[in-house]
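Peer 1: pasting the sequence and the predicted model now:
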Amino acid sequence: MTTIARRGLMLVLSSPSGAGKTTLSRALLAGDGNLTLSVSMTTRPMRAGEREGADYFFVSAARFDAAVRNGEFLEHATVFDHRYGTPGAPVMDALGSGRDVLFDIDWQGTQQLKEKAREDLVSIFVLPPSHAELERRLRARAQDAEEIVSQRMAKAGAEISHWAEYDYVIVNDRLELALANVGAILRAERLKRTRQIGLSQFVRDLQEST
């Protein structure tokens, strides 16, 4: 099989809490060996089932502040009183080796990534099928107290208002269909001529052999 070298891309999934971006992210990672997750640093407490270094790097506020001062982050933001940031070095290493990096971040982080890495970025906003379904999903996952659920629902409208800033928008009504749509976007973006850094040499070799 002919393989042409390409530069990796940053695939961003954003949505209001409960719309399904984390479920989509896990399914994508499980089915695609060339996709790796960008692990964020956060000041929020670890939830049940989460693992240090796999889901997040859980740090103190002082450590987070130091990372900001040292320019370690590609992006960072405060969400529901906790801080989140994306360490840049592992992302750049992955892109340079042709691996794609998946980001589960909000619109604030996406805006910052656009400023630093526009050509590498592919952004997708995930919408819930309805307000009622969004609330049902938040309550069904039973991860947050009632007060937090209410805060997330109150903020959903503001988060959804940023949908037009993204390259693609999908509605997560049925998980399997949403996953197929995200997969189609990823396949198409990988084939973009500008990302195939080995294409020029391949064409030259092809011309010389004819």
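Peer 2: All right, it came through fine. Residues are numbered from 1 along each chain as shown.

Peer 1: CA atoms for contacts and neighbours, from now on please.
Peer 2: Noted.

Peer 1: any idea how far residue 96 is from residue 175?
Peer 2: 31 Å (Cα to Cα, to the nearest Å).

Peer 1: also residue 40?
Peer 2: Taken as Cα to Cα, the span from residue 40 to residue 96 is 19 Å.

Peer 1: higher neighbour count, these two?
Peer 2: Comparing residue 40 with residue 96 by neighbour count (other Cα atoms under 10 Å), the higher total belongs to residue 40, at 23 against 13.

Peer 1: that one reaches residue 84, doesn't it?
Peer 2: Yes - assessed by Cα atoms under 8 Å, residue 40 is found in contact with residue 84 at 6.4 Å.

Peer 1: shaky segments in this protein?
Peer 2: Scanning the chain with the threshold set as pLDDT under 70 gives 141-146, 148-149.

Peer 1: which stretches of it form helices?
Peer 2: In the chain, the helices defined using DSSP state H lie at 21-31, 61-69, 88-96, 107-117, 131-141, 146-160, 175-190, 199-208.

Peer 1: among those, which is nearest residue 45?
Peer 2: Distance to residue 45, taken as Cα to Cα, is lowest for helix 61-69 among the helices of the chain, at 11.4 Å.

Peer 1: okay, buried residues for that closest one please.
Peer 2: Using 16 or more other Cα atoms under 10 Å as the test for burial, helix 61-69 gives 64, 67-68.

Peer 1: and what of stretch 78-97?
Peer 2: Along stretch 78-97, these residues count as buried under the neighbour rule (16+ other Cα under 10 Å): 83-87, 91-92, 94-95.

Peer 1: what is the end-to-end distance of that stretch?
Peer 2: Stretch 78-97: ends 31 Å apart by Cα to Cα.

Peer 1: what residues of stretch 118-134 count as buried?
Peer 2: Result for stretch 118-134 [16+ other Cα under 10 Å]: buried residues 120-128, 134.
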